[in-house]
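Enquirer: Model the following, please.
(2 chains)
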Amino acid sequence: DTAVSQTPKYLVTQMGNDKSIKCEQNLGHDTMYWYKQDSKKFLKIMFSYNNKELIINETVPNRFSPKSPDKAHLNLHINSLELGDSAVYFCARSPGTRGGGETQYFGPGTRLLVL
Amino acid sequence: QQPVQSPQAVILREGEDAVINCSSSKALYSVHWYRQKHGEAPVFLMILLKGGEQKGHDKISASFNEKKQQSSLYLTASQLSYSGTYFCGTDAYSGAGSYQLTFGKGTKLSVIP
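Expert: Alright, predicted model coming up:
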């Protein structure tokens, strides 16, 4: 039981649109993440966030922004969607504060297709 | 920096053994192993902390050589259910008290009857 949920499971949209993906975890874990997995299956971290700090991967375009309304949620907002944004986006959680050696528990993923 | 996994793909018959390797150019705090089946999320298999320990459950085990910054995943007497893509994730210190987990490109394992 990973206890991480994501909505929607599938998202098909047009270029230029703005969309959000929601993520919720119910174990009160401190750290949440967003990963992007492209068509070549490369799993790349985009953001890690705990209630103290947002860590941004410098290669992520600023069209992507994580928003955390509370400890249980870390939503991903994407502005001006591009074709290259098509991928599977995974939310994940870990119990600690990124002190190293923390297991990542992944949500089911959101399959984004930009047309 | 991304760890390097080898091989990129391997095909096994049921009952055969396999080894998947993961190496990094950075000093590592820990190594993670995950398995992802098609259309599903990565699932945690095990984590190895620095100290050279070996871990395992069932017929899947792993080792971590801290000095060489390498880890290997051992699958013995493979079963059809072992099929999937195996990712290693390396944990390295990124500054300000935080660690960065970086995944390799994955090893696609196919077990056939």
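Enquirer: Just the terminal-to-terminal distance for stretch B:64-72.
Expert: 7 Å (CA to CA, to the nearest Å).
Enquirer: close to chain A, is it?
Expert: No - Stretch B:64-72 does not reach chain A (CB under 8 Å from any CB of the partner chain); its nearest approach is 11.2 Å. Glycine gets a C-beta too; all of them are placed from N, C-alpha and C.
Enquirer: Could you list the buried residues of that stretch?
Expert: Of all the residues in stretch B:64-72, those buried under the rule 16 or more other CB atoms under 10 Å in any protein chain shown are B:64-66, B:69-72.
Enquirer: Quick check: bridge partners of residue 20?
Expert: Since you didn't name a chain, this refers to chain A. In this structure, residue A:20 bridges to residue A:77 when assessed by DSSP bridges.
Enquirer: you looked at the wrong chain, it should be chain B
Expert: Listed by DSSP bridges, the beta-bridge partners for residue B:20 are residue B:73.
Enquirer: For it, give me its contacts.
Expert: B:5-7, B:10, B:72-73, B:75, B:86, B:88, B:107, B:109 (CB atoms under 8 Å, 6 or more residues apart in numbering or on different chains).
Enquirer: Please report which of those residues has the highest neighbour count.
Expert: Compared across these, residue B:88 has the highest neighbour count, 29 neighbours, by other CB atoms under 10 Å in any protein chain shown.
Enquirer: gap between it and chain A?
Expert: For residue B:88, the distance to chain A equals 11 Å [CB to the nearest CB, to the nearest Å].
Enquirer: now residue B:11
Expert: Per CB to the nearest CB, residue B:11 is found 17 Å from chain A.
Enquirer: Same question for residue B:46.
Expert: 9 Å.
Enquirer: isn't that residue right next to residue B:57, touching?
Expert: Yes - with contact defined as CB atoms under 8 Å, residue B:46 reaches residue B:57; the gap is 7.0 Å.
Enquirer: Those two: who's more crowded?
Expert: residue B:46 (18 against 9).
Enquirer: Sketch out the strands for chain A, chain order is fine.
Expert: Secondary structure of chain A (DSSP state E): strands at A:4-7, A:10-13, A:19-25, A:31-37, A:43-49, A:54-56, A:64-70, A:73-78, A:87-94, A:105-106, A:110-114.
Enquirer: Sheet partners, orientation included, of the first one?
Expert: Looking back up the chat, that one is strand A:4-7. strand A:19-25 (antiparallel).
Enquirer: got a list of contacts for the partner strand?
Expert: Contact with strand A:19-25 is made by A:3-8, A:11, A:13, A:32, A:34, A:67, A:72-78, A:81, A:89, A:91, A:93, A:107, A:110, A:112, as judged by CB under 8 Å, 6+ apart.
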